[in-house]
Every structure is written in C-alpha cells, then in structure tokens.
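[1] Okay, structure incoming, though there's no sequence with it:
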Ligand SMILES: Nc1ncnc2c1ncn2[C@@H]1O[C@H](COP(=O)(O)OP(=O)(O)OP(=O)(O)O)[C@@H](O)[C@H]1O
Ligand SMILES: [Mg+2]
C-alpha cells in the first residue's frame with residue numbers, strides 16, 4: 001500500500017495528467033504549474049501504472065476515453081495494485097453511466113470536457129490542503145481498517161465467517177467490488193487457530209500469468225535464465241498458516257490446474273524443481289466475478305470451484321444493507337476528521353437522503369471515497385450536499401419518486417405479462433405463479449391498463 005506521508009511543506013503537490021491528446025496534457029500541465037503544482041503527464045496509458053509504482057504522485061487527472069487502455073481500466077488496475085492515490089476523471093463523453101462507473105471503481109469526481117478549470121482548480125486545491133494536513137498528522141498511527149457493521153445481513157456474514165474460521169476448510173468469499181471481501185478474509189484468518197502463523201496474500205489479477213506460478217510455488221536454480229538458488233513461493237511462505245488468493249476468477253485455466261493439485265495433494269513442485277514440497281496451508285479465496293458464469297464459459301474449472309468453495313461466504317452489496325450506511329458514514333467521517341484535522345460533527349438531512357437512496361455500485365469503497373472527498377471539501381461542522389461530487393446530486397434526481405413510480409410500474413407490468421404468457425392467459429394460474437391472490441392480480445392489471 002503506497003501512501004505518501006511525506007510532509008507536503010518540503011515539496012510541491014505532484015499531479016500526473018493522463019490524456020492521449022498531448023495538447024490537452026500540455027495545456028493542463030501549464031495551468032497547474034502556474035498555480036504552483038508540480039505537473040507531469042503521460043499520453044500513453046500503459047505507462048501510468050509503472051509511473052505510479054515508481055514515483056510519488058499526489059493526485060491523478062485521468063481521461064476516460066483513451067485507445068487500448070481506457071481510464072476506467074486504469075482505475076481498476078490502480079485498485080488491484082492497491083495504489084492509494086486520489087483520481088479525478090476527465091471526459092469528453094460525459095454520461096451519467098460513465099460517471100457512475102468511474103465512482104464505482106474509486107474515482108473522486110468526474111469532470112466533463114471542456115473543463116471548467118476554476119472548479120477543477122478549486123477541487124485540486126482542496127486535495128492539496130488536505131494532503132498537507134494529512135502529512136502533519138502522519139505521526140499519529142492510522143488504525144488498520146476493520147469490519148464495521150450494524151445490519152443483520154453483515155451480522156450473518158460474520159457469524160458464518162466465525163464458524164468457518166474454526167475449521168480448516170477452504171473458504172470462497174464472493175460479492176460485488178468494494179463490499180469488504182478482503183476484510184472478511186482478514187477476519188477469517190485472525191479468528192482461526194492459525195492466527196499466529198503466516199497470512200500471505202496474492203492478487204491473481206495483478207500478476208501476469210507467466211509470473212504467477214513462480215510467485216505461488218517458487219523456483220529453483222535453472223528454472224529460467226537468471227534463476228539462482230532456491231526461492232520459496234507464497235505457498236511455502238504460508239506453511240502452517242493461510243493464503244489469500246484474491247480475484248481468483250481472473251486466474252488463467254492453466255494456473256487453476258496447479259492450484260487444484262495443491263488442494264488435492266497438499267503438495268507442489270517448485271518451478272524447475274523435481275521433488276514435491278509438502279505444505280499445510282489453509283486457502284481463502286475471493287472474487288467479485290460471477291464464477292458460475294465463468295464455469296459455463298469454460299473460463300473456470302468446476303472441480304477447482306468445488307474445492308475452493310467448501311464454504312462460501314457472500315458479502316451483500318451495500319444497497320441491500322442500508323442500516324450500515326449511516327453507521328459507516330459516522331466511522332469514516334471520524335477517520336477523515338482525524339486524518340485531515342477537521343471537526344465535522346454531523347451531516348445534513350439531504351445528504352442522508354442521497355446516501356440512503358444511492359445504489360452504491362462501488363459499495364463501501366465508494367462510500368469511503370465519497371466521504372474522504374466530502375470531508376476535504378467541508379469547512380464547517382456539518383457536511384452538506386455541496387461537499388459531494390456533482391454525480392451524487394444527479395443520482396438523487398435519477399431516483400426521484402416519480403421516476404421510481406414509473407420504473408416500478410413498468411417492472412410490475414413486465415412481470416404480469418410474463419406470467420400471463422407462461423400460463424397462456426389464465427389469470428388464475430398466473431396469480432398462483434406469482435404467489436398473489438387473484439384479486440391483487442386483477443387490481444394491478446386494472447391499474448396498469450392491462451386486460
Ligand atoms: N464493513 C466495513 N467496515 C469498514 N470498512 C470497510 C467495510 N467494508 C469495506 N470497507 C472498506 O472498503 C474498502 C474496500 O474493501 P475491500 O478491499 O475489502 O473490498 P473487496 O470486496 O475486496 O473489493 P474488490 O472486489 O474490489 O477487491 C476498503 O477500504 C475497506 O477498508
Ligand atoms: Mg478485494
């Protein structure tokens with residue numbers, strides 16, 4: 001995890017501009033430099049990740065539409081590689097969908113082109129001030145993230161995690177992006193009898209397939225040019241402990257076969273080695289992809305799926321456990337108050353309304369990002385609607401009660417028509433199929449203008 005706790009006073013706030021149009025990069029860099037920032041740019045999206053991994057960047061300005069690797073792809077890669085940098089997206093094709101997608105994968109805000117530079121500079125200014133405040137409080141320890149919840153749905157998740165922790169069986173954690181799967185994995189290991197042994201993590205999506213095997217199983221002299229001596233892989237390093245295979249759905253079928261063998265035999269051979277190495281490792285894996293769909297498409301081995309998922313824990317999306325929203329909001333405001341030296345005590349009721357009705361496609365991660373930005377923006381003691389990125393305002397409009405009514409009646413209509421067509425027009429049978437009484441069906445049909 002990269003975080004830059006360097007005192008900001010010692011150096012300038014560094015911004016990386018990424019756009020495939022060089023003129024755009026140059027003109028933005030000029031504007032930023034004139035404001036006293038240190039600006040760099042990349043026109044080739046494939047160079048962004050190496051840049052972020054080797055150089056200190058405080059803020060990323062990212063174009064959405066670029067050839068080959070788009071801005072959203074880059075956002076996902078940044079998340080997979082756990083690079084902690086705020087990202088502001090820029091797009092010529094501003095659509096609500098694009099903005100939602102960007103927020104889902106961790107962007108702080110989305111600006112349409114032509115850019116309103118005043119607003120953008122204001123936002124960057126807030127981040128720069130925030131970063132310097134964060135730098136100042138770097139001495140105080142930042143609490144490791146913990147699973148916080150209020151909802152019964154999460155209570156059930158924790159209960160089954162607790163049960164699974166006591167045994168040694170493999171656990172597969174599923175759920176949408178940002179729901180907290182990694183925190184559940186941490187919890188599982190901590191509560192297991194292996195808690196004092198190693199817990200290693202490997203993100204299968206972050207490593208090219210050619211390196212994955214050597215990462216997992218290690219290698220011996222002569223395995224490939226330059227390989228010297230014996231290098232232990234993650235499986236050996238986790239002996240007597242647990243291994244977390246994250247984003248397992250992104251692993252190639254070839255690597256899946258090797259994982260399957262370890263699970264079946266408790267043994268593997270190092271790359272270039274001949275002797276099998278025996279290990280005792282508890283496997284916890286996670287994915288935000290629909291594994292059954294991957295199996296049907298031939299992209300995931302069914303036998304491996306059964307081995308990995310002796311216990312499956314599904315972490316529900318945030319929108320299905322709204323009780324957690326106010327609770328997590330308070331916790332995150334607290335965290336960011338301390339980080340940025342703010343004194344926010346409450347949130348306005350319109351923000352509460354938006355938070356409860358927003359769909360949170362990026363789940364807890366999105367809520368956390370949204371609140372970090374809002375805390376940086378907020379100058380008073382009450383967080384208001386003006387402190388949220390504009391997209392959340394739109395979200396509120398998209399969810400206004402009239403459109404809700406329209407959408408739900410469209411849906412009801414579709415469901416009733418489908419039932420009637422399956423029962424060849426028999427209302428009695430349709431009502432049975434829908435598990436409602438005939439009168440309710442008639443009333444609904446009348447209301448929707450169906451006969
Ligand atoms: N219940 C929670 N309480 C506090 N923080 C949470 C909770 N759930 C998630 N988070 C925070 O949200 C962010 C995303 O969580 P995490 O990385 O575990 O998600 P994930 O399910 O693994 O997502 P992905 O599929 O994208 O990898 C992290 O910053 C994490 O600390
Ligand atoms: Mg994860």
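    Sure thing, it's come through. Since we're looking at a predicted model, the values are computed, not measured. Numbering: from 1, shown residues only. Ligands and ions are numbered 1, 2, ... in the order given.
[2] contacting residues for residue 115?
    28, 90 (CB atoms under 8 Å, 6 or more residues apart in numbering). C-beta coordinates here come from the backbone N, C-alpha and C atoms, glycine included.
[3] try 10 Å this time
    24, 27-28, 31, 61, 90-92, 121 (CB atoms under 10 Å, 6 or more residues apart in numbering).
[4] Which members of those residues occur in strands, if any?
    61, 90-91 (DSSP state E).
[5] just those now: which is nearest residue 232?
    residue 61 (41.1 Å; CB to CB).
[6] ok, now how distant is the closest residue to ligand 1 within the stretch 351-451 of the chain from residue 52?
    Of all residues in the stretch 351-451 of the chain, residue 364 sits closest to ligand 1, at 3.4 Å by CB to the nearest ligand atom. Between residue 364 and residue 52 the distance is 23 Å, computed by CB to CB, to the nearest Å.
[7] swap in residue 190?
    30 Å.
[8] just residue 106 next, same as before
    Applying CB to CB to residue 106 and residue 52 gives a distance of 13 Å.
[9] Now do the shared contacts for the two.
    78, 84-85.
[10] how about the residues of the stretch 101-250 of the chain near ligand 1?
    145, 147-149, 175, 177-183 (CB under 6 Å from any ligand atom).
[11] any chance of those residues in a markdown table, with neighbour count and pLDDT too?
    A markdown table is the format used below for those (neighbours: other CB atoms under 10 Å; pLDDT from 0 to 100):
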| residue | neighbour count | pLDDT |
| --- | --- | --- |
| 145 | 14 | 72 |
| 147 | 15 | 92 |
| 148 | 15 | 93 |
| 149 | 17 | 94 |
| 175 | 19 | 97 |
| 177 | 19 | 94 |
| 178 | 25 | 96 |
| 179 | 27 | 97 |
| 180 | 25 | 97 |
| 181 | 26 | 98 |
| 182 | 18 | 96 |
| 183 | 18 | 97 |
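[12] Would you mind measuring the gap between the ends of stretch 338-351?
    21 Å (CA to CA, to the nearest Å).
[13] Once you drop chain neighbours, what's closest to residue 331?
    In this structure, residue 331 finds its nearest non-sequential neighbour in residue 148, 5.2 Å apart by CB to CB, 6 or more residues apart in numbering.
[14] which SS class is that neighbour?
    coil (DSSP: H, G, I helix; E, B strand; the rest coil).
[15] any idea how far residue 368 is from it?
    Relative to residue 368, residue 148 is positioned 11 Å away (CB to CB).
[16] Mutual contacts of the two, please.
    328, 331-332.
[17] Take the residues of the stretch 101-250 of the chain next to ligand 1 and keep only those in helices.
    Of the positions in these, 181-183 sit in helices, assigned by DSSP state H.
[18] tell me the contacts of the residue of the stretch 1-150 of the chain found nearest ligand 1?
    Closest contact between the stretch 1-150 of the chain and ligand 1, by CB to the nearest ligand atom, is at residue 145 (3.4 Å). Residue 145 makes contacts with 180, 182-183, 186, 331, 335, 364, 368, as judged by CB under 10 Å, 6+ apart.
[19] residue ranges with poor pLDDT in this protein?
    1-10, 94-95, 134-144, 227, 393-411, 414 (pLDDT under 70).
[20] on that earlier part again, residue 364 and residue 52: who's more crowded?
    residue 364 (24 against 21; other CB atoms under 10 Å).
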